[in-house]
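Student: 3D model of this:
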Amino acid sequence: MATGRTHRPATRSRGIPEATVARLPLYLRALTALSERSVPTVSSEELAAAAGVNSAKLRKDFSYLGSYGTRGVGYDVEYLVYQISRELGLTQDWPVVIVGIGNLGAALANYGGFASRGFRVAALIDADPAMAGKPVAGIPVQHTDELERIIEDNGVSIGVIATPAGAAQQVCDRLVAAGVTSILNFAPTVLTVPDGVDVRKVDLSIELQILAFHEQRKAGEESASAAAADGAVPAAAARRTPPAEQGPDGDVPAVMPA
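Tutor: You can find the predicted model right below:
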């Protein structure tokens, strides 16, 4: 089986937009669920609903793959699973290293979804000497002093950073210098990388802040609705109240208060 260092997916060379690439895993997840239920075909509307996109966008995305489905039948589930997996590079083995084996790093190491998607956790690395040799998810943790050798020995091109923010850039620099060309960053900081290196950032606190914004907005809308139900003046009516007279300059009341 090929490794990640010898082959890279051809999505860019084939001109598939990045937005489409970002949606392919959503389609694959939905299709995998259908495949596990032995569903042979699926319509664009059903698959779009399962993936959380509209059907027109899904059909456009699949056109980049050369897959158009069959009128009245839909898409062949197993073939689409293969086609998207191939496009994403998941039909081969991708060795991955995780750097930073705290609570988050350990949770990532124990995540069973990596192997089923073609990602093999080749090594776990941490700067704490006390962690060296301790097994996490059945894999012994190795010290960061061994980082370059580990990457070379395992042919690693994808690195996962789960360190504190202050250590992330240094770890990133070492990964890149050792030959890693794709990084998944869980550290709450922005990484600087050279051209040719791809970085995907996952910041759980940012996602929670976005959810907090929506919760606050919903609470405000509920309060406004409750006030209107209690007989308060609706906002629309308030906006219809004539403005106060203005002076010749347009921003000073014509009659000043005493």
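
Student: So for the longest strand along the chain, what gets flagged as buried?
Tutor: Taking DSSP state E as the assignment, the strand of the chain that covers the most residues is strand 119-126. Residues of strand 119-126 classed as buried by neighbour count (16 or more other Cβ atoms under 10 Å): 119, 121, 122, 123, 124, 125, 126. Every residue, glycine included, has its C-beta placed from N, CA and C.

Student: now swap in stretch 38-58 and tell me
Tutor: Counting neighbours by 16+ other Cβ under 10 Å, one finds that the buried residues in stretch 38-58 are 41, 42, 44, 46, 47, 48, 50, 51, 53, 58.

Student: Stretch 145-152 now?
Tutor: In terms of neighbour count (16+ other Cβ under 10 Å), stretch 145-152 has its buried residues at 147, 150, 151.

Student: mind exporting that stretch as CSV, just the C-alpha atoms?
Tutor: Coordinates of the C-alpha atoms in stretch 145-152 are reproduced here as CSV (Å, rounded to 0.1, in the frame of the first residue of the first chain):
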residue,chain,number,x,y,z
ASP,A,145,13.9,14.9,20.6
GLU,A,146,13.0,12.0,18.3
LEU,A,147,10.6,14.0,16.2
GLU,A,148,12.7,14.3,13.0
ARG,A,149,13.7,10.6,13.1
ILE,A,150,10.1,9.5,13.6
ILE,A,151,8.9,11.5,10.6
GLU,A,152,11.7,10.2,8.4
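
Student: Can you pull out the residues in contact with it?
Tutor: 97, 99, 122-123, 125, 142, 156, 159, 174-175, 177-180 (Cβ atoms under 8 Å, 6 or more residues apart in numbering).

Student: any idea of the mean pLDDT in that stretch?
Tutor: Looking at stretch 145-152 alone, the average pLDDT works out to 97.

Student: and the gap between residue 171 and residue 151?
Tutor: 12 Å (Cβ to Cβ, to the nearest Å).

Student: gap between stretch 158-177 and the chain center?
Tutor: 18 Å (Cα atoms, centre = their mean, to the nearest Å).

Student: Next, the buried residues of that stretch.
Tutor: Neighbour-count burial for stretch 158-177, with 16+ other Cβ under 10 Å as criterion, is recorded at 158-163, 167-169, 171-172, 174-176.

Student: same check, this time on stretch 56-67
Tutor: With burial defined by 16+ other Cβ under 10 Å, the residues of stretch 56-67 counted as buried are 58, 59, 61, 62, 64, 65, 67.

Student: what residue ranges in the protein are flagged as low confidence?
Tutor: Residue ranges of the chain with pLDDT under 70: 1-14, 231-258.

Student: and residue 136, what are its phi and psi?
Tutor: The main-chain torsion angles of residue 136 are listed as degrees, to the nearest 10 and equal phi -130, psi 120.

Student: a markdown table for the buried residues of stretch 145-152, including distance to residue 135 and secondary structure?
Tutor: Conversion of the buried residues of stretch 145-152 to a markdown table gives the following (distance: Cβ to Cβ, whole Å; DSSP: H, G, I helix; E, B strand; the rest coil):
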| residue | distance to residue 135 | secondary structure |
| --- | --- | --- |
| 147 | 19 | helix |
| 150 | 16 | helix |
| 151 | 21 | helix |
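
Student: all strands of the stretch 1-150 of the chain, in order?
Tutor: Shown for the stretch 1-150 of the chain, the strands assigned by DSSP state E, counting those that start in this stretch span residues 41-42, 75-76, 94-99, 119-126, 135-136, 139-143.

Student: Of all these, which one comes closest to residue 26?
Tutor: strand 41-42 (13.8 Å; Cβ to Cβ).

Student: Pairing partners for the closest one, with directions?
Tutor: Next to strand 41-42 in the sheet, as set by DSSP bridges, lie strand 75-76 (antiparallel).

Student: just to revisit the earlier point, contacts for the longest strand of the chain next, please.
Tutor: With Cβ under 8 Å, 6+ apart, strand 119-126 has contacts from 93-102, 105, 109, 114-115, 132, 136-137, 139-144, 146-147, 150, 154, 156, 158.
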